[in-house]
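Colleague: 3D model of this:
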Amino acid sequence: MKKISKQLMLVFTLLLVAMVGVIVLYESGVLESGVLTNSKQTEFLAMTGMELTSLAGAFLGLRLFKFQKIHDELVTKKEPALLRWGILRLLILEVPMVSNTYLYYMYMNATFGYLAIILLLCLPFVFPTQSRCIAETTEEDKA
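Modeller: Below you'll find the model as predicted:
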């Protein structure tokens, strides 16, 4: 279980580093921000798509292991299932977060920043510690 926890932590950290990298590149002036501020139609489409993706991703990422089929697989197959579903859960939350951060700097629209913050606030609830990995692969008492 320790190996799986470390692999999930690696994915978790790499995507956070990618987000911080985007922030550093734009805030230091290496990349120019606000390049697409005049593209209002594409901004609306991107904003609508990312709002739907981010809110659905937040719900799905936080509830993924509660779905009966996935929970049963986590309890029976343990480590392989945890690796597969754990990586998927992290990707569901962190890829839109990185995308929203990037789009914030491209359009300089605060909505993208707020969506990234919402997803960032979901991350402590899926932080891949070893104790959480064990708890998620253990059958719960239904008393």
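Colleague: any idea how far the longest helix along the chain is from the middle of the chain?
Modeller: Of all segments of type helix in the chain, defined using DSSP state H, the longest is helix 79-107. Put simply, helix 79-107 sits 3 Å off its chain's centre (CA atoms, centre = their mean, to the nearest Å).
Colleague: which other residues reach the following helix or strand past it?
Modeller: As assigned by DSSP states H and E, the chain's next helix or strand after helix 79-107 is helix 110-122. Contact with helix 110-122 is made by 19, 47, 50-51, 54-55, 57-58, 61-62, 93-94, 96-98, 100-101, 103-104, as judged by CB atoms under 8 Å, 6 or more residues apart in numbering. All C-beta atoms are positioned from the backbone trio N, CA, C, and that covers glycine.
Colleague: same check on stretch 25-44?
Modeller: Taking CB under 8 Å, 6+ apart as the rule, stretch 25-44 contacts 24, 105-109.
Colleague: can you name the two of the residues you listed that sit furthest apart?
Modeller: V24 and N109 (20.0 Å; CB to CB).
Colleague: of these two, who's got more company?
Modeller: Per other CB atoms under 10 Å, whichever of V24 and N109 has more neighbours is N109, with 18 against 11.
Colleague: got a ChimeraX select line for the buried ones in the contacts of helix 110-122?
Modeller: Of these, the buried ones go into a single ChimeraX selection, burial set by 16 or more other CB atoms under 10 Å:
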select :19,47,50,54,57,58,61,93,94,96,97,98,100,101,103,104
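Colleague: if I look at the nearest residue to L88 once chain neighbours are set aside, how far off is L91?
Modeller: Closest residue to L88 apart from its sequence neighbours, by CB to CB, 6 or more residues apart in numbering: L64 at 7.3 Å. Taking CB to CB, to the nearest Å as the measure, L64 and L91 are separated by 11 Å.
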